[in-house]
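Turn this into a structure:
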Amino acid sequence: TVVFHGSLSKFQNIDLLIEIIKQIYTLTQDIKFIIIGSGPKEILFKKLRFDNFSFLGRLSNEETAKIVNKCHLGISLRDDSRISIDSFPVKLYEYIGAGIPSIATPISEGGQIIQNLKLGFNLDNNCKSIVDLIIKLHLDTDFYNQIIKKNTEYRIKFSRDFFVQELFDKILK
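Numbers count the residues shown, from 1 in each chain. This next block holds a predicted model:
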């Protein structure tokens, strides 16, 4: 199960996400997509009719976290704007916290961090390369499990508690 959650607005590459859903649907019925969120582009999901995807709309933070924690892969697809390139989307922290790999687009500061730590992947906004990677993660369980293991090792270092303690320690020094 692939999850995308959060704002469905200007900086999110919703058109790319829909194209990925469509292409995966033509290749396999084993990979499902869950979309959680709201915004001006949510109408695009309400019109989409594929058996491999569910649009849940806006949910509470607690409900969202419960669903994300049950998924296998998180995706953060953003546009090619400067703000997207310089960002580290919060959803990447949440995917690490859930212990699942993530795919982030475009090539960005946040995406490079998760890729360098082997917690996920940072790709261009290229549908084929993203679809190919999702299929590889689905079929190659050893490859997938290596990334899960890394996420499990690093997840505490991306928690709010860890960051607060680091900040507190630096202030005391």
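
In contact with the spatially most central residue of the chain, which residues are there?
With distances taken as Cα atoms, centre = their mean, residue 75 lies nearest the centre of the chain, 2.3 Å away. For residue 75, the contacting residues are 2-4, 17, 20, 102-104, 130, by Cβ atoms under 8 Å, 6 or more residues apart in numbering. Every residue, glycine included, has its C-beta placed from N, CA and C.

Which ones among those residues map onto strands?
The strands, defined by DSSP state E, take in 2-4, 102-104 from those.

Apply the buried test to these and list what passes.
For these, a neighbour count by 16 or more other Cβ atoms under 10 Å gives the buried set as 2-4, 102-104.

can you redo those residues as JSON lines with pLDDT and distance to residue 110?
Formatted as JSON lines, those follow (pLDDT from 0 to 100; distance: Cβ to Cβ, whole Å):
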{"residue": "2", "pLDDT": "98", "distance to residue 110": "18"}
{"residue": "3", "pLDDT": "98", "distance to residue 110": "17"}
{"residue": "4", "pLDDT": "97", "distance to residue 110": "15"}
{"residue": "102", "pLDDT": "96", "distance to residue 110": "10"}
{"residue": "103", "pLDDT": "98", "distance to residue 110": "12"}
{"residue": "104", "pLDDT": "97", "distance to residue 110": "6"}
